[in-house]
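# test case, fold it:
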Amino acid sequence: MTAVANRPLASWLLLLSGMVTGVTAGAAAGAAPAVQMSLYDRLGGEAGVTAIAATLIDRVSADPKLGRSFKDAGLDRIKRLLAEQICDLTGGPCRYSGDSMREVHAGHHISQAEFFGMVAKLRVVLKERHVSQGATNELLRLLAPMKRDVVEPAPAAGQ
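Just a heads-up that it's a prediction; the model follows:
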């Protein structure tokens with residue numbers, strides 16, 4: 001990339017550093033620091049988290065490529081527990097009361113493709129609800145470690 005092509009990036013970085021310096025200087029001068037809203041609040045609080053969980057489970061369970069592990073499952077219970085888990089993870093007032101992700105998903109043989117398919121659907125739901133990209137990324141970072149407990153390869157043929 002040329003120096004000319006980097007000018008917008010350099011300008012943006014200078015602007016950002018100036019904003020950070022200004023905030024730091026304001027805080028040092030005794031100004032009250034800005035209060036960061038919790039991720040739970042940025043997702044819309046109880047109503048937002050409940051809607052995100054319900055919409056996501058409805059879409060995933062109805063998808064022929066992703067829904068097999070939801071067949072004959074209690075979708076209302078899954079929606080409630082997912083909302084509770086998101087609430088807990090994002091700083092809301094809830095405490096997740098369900099089983100561990102490993103226990104919940106054991107024996108379902110959820111593939112990486114199914115896992116990432118659900119993540120893609122979650123991204124769409126969050127975008128439709130006008131959740132910022134930053135809040136979306138923050139939520140995905142919180143959920144990402146669960147992949148190791150959710151994804152379980154199918155047993156080899158003959159086992």
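# C-alpha only now, for contacts and for neighbours.
Will do.
# could you list the low-pLDDT ranges of the chain?
Along the chain, segments meeting pLDDT under 70 span 1-34, 154, 156-159.
# can you map out the helices along it?
Counting by DSSP state H, the segments of the chain that form helices are 3-28, 39-42, 45-62, 75-89, 101-105, 112-128, 133-143, 147-150.
# to residue 95, which of the ones you listed lies closest?
For residue 95, the closest of the helices of the chain is helix 75-89, at 5.1 Å, according to Cα to Cα.
# which strands and helices lie in contact with the closest one?
helix 45-62 (3 or more Cα pairs under 8 Å, 6 or more residues apart in numbering; DSSP states H and E).
# quick one: list the elements packing against the helix it packs on.
Packed against helix 45-62 by the contact rule (3+ Cα pairs under 8 Å, 6+ apart) you find helix 75-89, helix 112-128.
# do that again at 10 Å, thanks
Where contact means 3 or more Cα pairs under 10 Å, 6 or more residues apart in numbering; DSSP states H and E, helix 45-62 is packed against helix 39-42, helix 75-89, helix 112-128.
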